[in-house]
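In: fold the stuff below for me.
(4 chains)
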Number of protein chains: 2
Amino acid sequence: MSKLPYRIENVGGHQPIAAETASHECCLVVKGYVSARSAGSTQSMQIPSIHVPGDVPDLGKIYDSELELEMAALGAVVVAFVPVRGLRELADYSSNIRAGLSLLLLADSYMLRNALSNVGSRNALARVAHLLCELYARLHAVGLARTEEIPCPFTQADLGEMCGLSAVHINRTVQQLRERGLVEWHSRVIRLIDRAELARLAGFSPAYLRVPGDRTSRRLHYGHSLAAAE
Amino acid sequence: MSKLPYRIENVGGHQPIAAETASHECCLVVKGYVSARSAGSTQSMQIPSIHVPGDVPDLGKIYDSELELEMAALGAVVVAFVPVRGLRELADYSSNIRAGLSLLLLADSYMLRNALSNVGSRNALARVAHLLCELYARLHAVGLARTEEIPCPFTQADLGEMCGLSAVHINRTVQQLRERGLVEWHSRVIRLIDRAELARLAGFSPAYLRVPGDRTSRRLHYGHSLAAAE
DNA sequence: CGGCGATTTGACATCGCTCAACGCTCGTGG
DNA sequence: CCACGAGCGTTGAGCGATGTCAAATCGCCG
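Out: Sure, this is the predicted structure:
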């Protein structure tokens, strides 16, 4: 019971992740960013949630085997597939693990709620600022992002989809952030120059992400990552 | 173990629900609509999720005792408060109940994801149409909405917040829906004249709500409601 | 009747989208 | 080494969708 079997896979570009084996394996993000949108909604522009290393976008499969998420790699990505069955057994085994998994599930809805109020009630500038703050906070929480830089293998158009904005307008918005001396964006790396001001502008409150000094969800995420990689 | 204690409460108008006792009781919607937004985000316009009878907006408290949602009544509402502890014990007692509760939690993120793609990628007309379709589907799933009418004790401004639109624009959009012969809206009741066309216009696919012919989540919602009211 | 909240309407401002074009960088093949 | 094309970032022009403000109307209730 101490080891979960897993299977590592490299995915590049804007490739889809694991459409076939989907039903019996969960996908742990090990490196890079993964976008997830609910399958079936094939409509053009969609605002998916984005996942960082340590996340398990389709963790819900543990409880709902019919859950289908369309996941895609934003830039080069390393993912690990873990059998759902193993996770289920793990959950049955210990009530602590059960609680942890549920917390992870909950964390997901926190983020969604958050993203919802982001696209629903902020203008372009604040939306992008908010997304950057959130990304930073989440990376920081799992030990990445020690400096003020966040790697950005994805394109501006991708950013647009996350914020519900067109690629063109994203560009202009980013330029505005640059002019204000808040961020730099060079060669696939975004540097947050003035994170405090960025957060103020975005109305970003890390509290409702449960991320920063957080003791439960994120830690569990991380521990989970270790467990699967061990 | 067969009965959960509970406490019924009537709330009217745009009143907040249970800010004080929040931490140790969950709130089951019995009658009417309840809006829920994550606490702390006191910013003006927010797009909360909306909950219908049978829902437990703050069910997450079972696993995260610090979860705080600002709930409010949209029109007259009846809610039942159930001690979190009782629910926890219930969950510990049976793995089926555990699975059911997790499914309910999951259903919540489905709805959020859905709402996200709604405000993120549709224009005003489609957003409103989509919201109406969703509301109908959810009411129908719990046995309300036998006809094509959905009670609407809330104001157009409320509808606006749900869709991320201004009150004025909501009004114009509703009028457009009326002109197209899709809906009527008289005296606190919305009547869906042409639900098929409405769904087409909205790109509404009940599938990703897990609601209509659904065998798990919604039924459990309902069963839950019964359990608590019994 | 008076008053209040909700709906409606009009005028106007603004934001963000679309279309189209251009430049830049990089990898690929001649 | 150079030509070329592809993908991405950038820029400009025009416009449609939506927000804001203000006022009129309607309906309900005291």
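In: domain assignment for chain A?
Out: What automatic domain parsing lists as the domains of chain A is A:7-94+A:217-229, A:117-209.
In: so what's the residue most central in space within chain A up against?
Out: The geometric centre of chain A, computed from its C-alpha atoms, lies nearest to residue A:51 (Cα atoms, centre = their mean), at 1.8 Å. By Cβ atoms under 8 Å, 6 or more residues apart in numbering or on different chains, residue A:51 lies in contact with A:29, A:33-36, A:57. The way it works is simple: take the backbone N, C-alpha and C, and place the C-beta from them, glycine included.
In: which of the domains of chain A has the lowest average pLDDT?
Out: Here the lowest mean pLDDT among the domains of chain A goes to domain A:7-94+A:217-229, at a mean of 80.
In: is DNA strand C within reach of that one?
Out: No. Using Cβ under 7 Å from any atom of the strand, domain A:7-94+A:217-229 never reaches DNA strand C; the gap is at least 7.6 Å.
In: now that domain: how far from the chain's centre is it?
Out: Distance of domain A:7-94+A:217-229 from the chain centroid (Cα atoms, centre = their mean, to the nearest Å) equals 10 Å.
In: the residue nearest to the centre of chain A bridge partners, please.
Out: residue A:34 (DSSP bridges).
In: also residue A:184?
Out: residue A:191.
In: how close does it get to residue A:194?
Out: 11 Å (Cβ to Cβ, to the nearest Å).
In: swap in residue A:83?
Out: From residue A:83 across to residue A:194, the span is 45 Å (Cβ to Cβ).
In: cool, and residue A:66?
Out: Distance check for residue A:66 against residue A:194: by Cβ to Cβ, it reads 45 Å.
In: who has more neighbours, those two?
Out: residue A:194 (15 against 9; other Cβ atoms under 10 Å in any protein chain shown).
In: if I pick the nearest residue to the more buried one once chain neighbours are set aside, what's in contact with it?
Out: Distances taken as Cβ to Cβ, 6 or more residues apart in numbering or on different chains put residue A:182 closest to residue A:194, at 5.1 Å, once the chain neighbours are dropped. Residues near residue A:182 by Cβ under 8 Å, 6+ apart: A:129, A:192-194, A:197-198, A:201.
In: looking at these, which are in strands?
Out: Residues of the contacts of residue A:182 located in strands (DSSP state E): residue A:192.
In: out of the contacts of residue A:182, the closest to DNA strand C would be?
Out: Lowest distance from DNA strand C to these (Cβ to the nearest atom of the strand) belongs to residue A:129, with 11.8 Å.
In: so what's the residue count around the closest one?
Out: Residues near residue A:129, counting by other Cβ under 10 Å, number 29.
In: near DNA strand D, which residues of chain A show up?
Out: So chain A meets DNA strand D at A:155-157, A:167-168, A:171-172, A:174-175, A:185 (Cβ under 7 Å from any atom of the strand).
In: looking at the residues you listed, state which has the most neighbours.
Out: residue A:174 (20 neighbours).
In: within the helices and strands, which one has that one?
Out: Here residue A:174, judged by DSSP states H and E, is contained in helix A:167-179.
In: please apply the same query to residue A:56.
Out: Judged by DSSP H and E, residue A:56 forms part of no helix or strand.
In: backbone torsions only: list them for it.
Out: With angles defined as degrees, to the nearest 10, residue A:56 sits at phi -130, psi 90.
In: quick check, it in contact with residue A:104.
Out: Yes. With contact defined as Cβ atoms under 8 Å, residue A:56 reaches residue A:104; the gap is 6.9 Å.
In: okay, the two: which has more neighbours?
Out: Legend: neighbour count by other Cβ under 10 Å for residue A:56 and residue A:104, higher for residue A:56 (26 against 22).
In: from chain B, how far off is that one?
Out: Distance, residue A:56 to chain B, using Cβ to the nearest Cβ, to the nearest Å: 13 Å.
In: and what of residue A:135?
Out: 17 Å.
In: against residue B:154, how distant is that residue?
Out: 35 Å.
In: same question, residue A:124
Out: Taken as Cβ to Cβ, the span from residue A:124 to residue B:154 is 29 Å.
In: likewise for residue A:128?
Out: Going from residue A:128 to residue B:154 by Cβ to Cβ gives 32 Å.
In: tell me where chain A has strands.
Out: Using DSSP E, strands in chain A cover A:7-11, A:16-17, A:25-38, A:49-51, A:69-83, A:149-151, A:183-186, A:189-192.
In: and of those strands, who's closest to residue B:77?
Out: In terms of Cβ to Cβ, the element of the strands of chain A nearest to residue B:77 is strand A:25-38, at 29.5 Å.
In: now check the longest helix that chain A contains, is it near DNA strand C?
Out: Counting by DSSP state H, the longest helix found in chain A is helix A:95-121. No. For helix A:95-121, no contact with DNA strand C is found by Cβ under 7 Å from any atom of the strand; the gap never falls below 9.8 Å.
In: anything in that helix near chain B?
Out: Yes. Using Cβ under 8 Å from any Cβ of the partner chain, helix A:95-121 reaches chain B at A:95, A:98-99, A:102-103, A:105-106, A:108-110, A:112-117, A:119-121.
In: just the buried subset of those residues, please.
Out: Buried positions within the residues of helix A:95-121 next to chain B, assessed by neighbour count (16 or more other Cβ atoms under 10 Å in any protein chain shown), are A:98-99, A:102-103, A:105-106, A:108-110, A:112-117, A:119-121.
In: okay, now residue A:166: neighbour count?
Out: Counted with other Cβ under 10 Å, residue A:166 comes out at 14.
In: ramachandran angles for it?
Out: phi -80, psi 160.
In: now check stretch A:189-209, is it near DNA strand C?
Out: No. Under the criterion of Cβ under 7 Å from any atom of the strand, DNA strand C is not reached by stretch A:189-209; the shortest gap measures 12.7 Å.
In: list the buried residues in that stretch.
Out: Here stretch A:189-209 shows A:190, A:192, A:195, A:198-199, A:201-206, A:208-209 as buried, counting by 16+ other Cβ under 10 Å.
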